[in-house]
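[1] Okay, sequence plus prediction incoming.
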Amino acid sequence: VSGLVEVRRFALAKYEVTIGEFMAYVAANKLPTPALWEGAARDPEQPQLPMTLVNREQAAGYCRWRYGQWN
């Protein structure tokens, strides 16, 4: 049937992932700090702001860490 697409598993929370939450994942997994680029909201002085500009792999890694097994 044309027009059908597969939607892979995803996580949906009430609030956006904050800089502080994402950086806790980075620290817990000893990952390099994500590079900053123009337009990124990553002010360490404001960890309550939403994390922005992460790629699919970074997002999936965060979900595996936060929610357990993630395929």
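    Sure, I can see it.

[2] spatially speaking, which residue is in the middle of the protein?
    By Cα atoms, centre = their mean, the mean C-alpha position of the chain lies nearest to Ala59, the distance being 3.6 Å.

[3] from the middle of its chain, how far away would the strand or helix carrying that residue be?
    Per DSSP states H and E: Ala59 is located in helix 56-67. Relative to the chain's own centre, helix 56-67 is displaced by 6 Å; criterion: Cα atoms, centre = their mean, to the nearest Å.

[4] Go through that helix and flag the buried ones.
    58-63, 65 (16 or more other Cβ atoms under 10 Å). (Each C-beta comes from the backbone N, C-alpha and C, glycine too.)

[5] now it: mean pLDDT?
    Across helix 56-67, the average pLDDT comes to 90.

[6] please begin residue numbering at 132 from this point
    I'll keep to 132 as the first residue from here, and by that count the last item is helix 187-198.

[7] same for that helix, what does it pack against?
    The helices and strands touching helix 187-198, judged by 3 or more Cβ pairs under 8 Å, 6 or more residues apart in numbering; DSSP states H and E, are helix 150-159.

[8] Next, the angle helix 187-198 makes with the helix it packs on.
    Orientation note: helix 150-159 sits at an angle of 90 degrees relative to helix 187-198 (axes from the mean of the first three to the mean of the last three Cα atoms, to 10 degrees).

[9] buried ones in helix 150-159?
    Going by neighbour count (16+ other Cβ under 10 Å), the buried part of helix 150-159 is 150, 152-154, 156-157.

[10] Now do the same contact list for Val157.
    Shown in contact with Val157 (Cβ atoms under 8 Å, 6 or more residues apart in numbering): 163-165.

[11] Quick one, which of these are buried?
    Buried members of these, scored by 16+ other Cβ under 10 Å, are Pro165.
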